[in-house]
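model this:
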Amino acid sequence: MGKKPANRTCVGCRNSFDKKELIRVIRNQDGLILIDKTGRANGRGAYICNDLNCFKLAKKNHGLERSLKIEIPDAVYEQLEQEVSENAE
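Down below sits the predicted model:
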């Protein structure tokens, strides 16, 4: 019997996907918000789809802020939007 895939819920569309299909955003111990490309960094994590519409929905409904329990600066949203745009292509 193989391992069960690790599913996570996107904070934008609220759909469940395999962990590897999503972008992980973390809040580390110092309160910094970072994009975790390895998927293994320490910190409180939230996941978002590689879809620009989903990103916009997450920004509108404050899904990342709710999940990470911290206010997200505009600079982080800009960096995340760029990351989603690059991955969606």
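
what's the helix or strand for the residue positioned nearest the centre of the chain?
Nearest to the mean C-alpha position of the chain, by C-alpha atoms, centre = their mean, lies residue 47 at 3.1 Å. Under the criterion DSSP states H and E, the helix or strand holding residue 47 is strand 44-48.

centre of the chain versus the longest helix that the chain contains, how much separation?
For the chain, the helix with the greatest residue count under DSSP state H is helix 74-88. How far helix 74-88 lies from its chain's middle: 10 Å, per C-alpha atoms, centre = their mean, to the nearest Å.

Give me the residues contacting it.
Contacts of helix 74-88 from elsewhere in the structure, counted by C-beta atoms under 8 Å, 6 or more residues apart in numbering, are 23, 25, 33, 35, 48-52, 54-55, 59. Glycine gets a C-beta too; all of them are placed from N, C-alpha and C.

Can you list which of the residues you listed are found in helices?
Secondary structure assignment by DSSP H places 52, 54-55, 59 of the contacts of helix 74-88 in helices.

before we move on, back to that, filter the contacts of helix 74-88 down to just the buried residues.
The neighbour-count test (16 or more other C-beta atoms under 10 Å) applied to the contacts of helix 74-88 identifies 23, 25, 33, 35, 48-51, 54-55, 59 as buried.

Can you report how many residues neighbour the closest residue to residue 71 other than its chain neighbours?
Distance criterion C-beta to C-beta, 6 or more residues apart in numbering; nearest residue to residue 71, sequence neighbours excluded, is residue 65 at 6.0 Å. Using other C-beta atoms under 10 Å, residue 65 has 16 other residues around it.

Over to residue 64?
For residue 64, which is what you asked about, the neighbour count (other C-beta under 10 Å) is 24.

residues making contact with stretch 5-21?
With contact meaning C-beta under 8 Å, 6+ apart, stretch 5-21 is reached by 22, 39, 46-51, 54-58, 61, 63-64, 66-67.

can you do 7 Å?
The contact list for stretch 5-21, computed with C-beta atoms under 7 Å, 6 or more residues apart in numbering, reads 22, 39, 46-49, 54-55, 57-58, 63-64, 67.

For that stretch, give the mean pLDDT please.
Stretch 5-21 comes out with an average pLDDT of 93.
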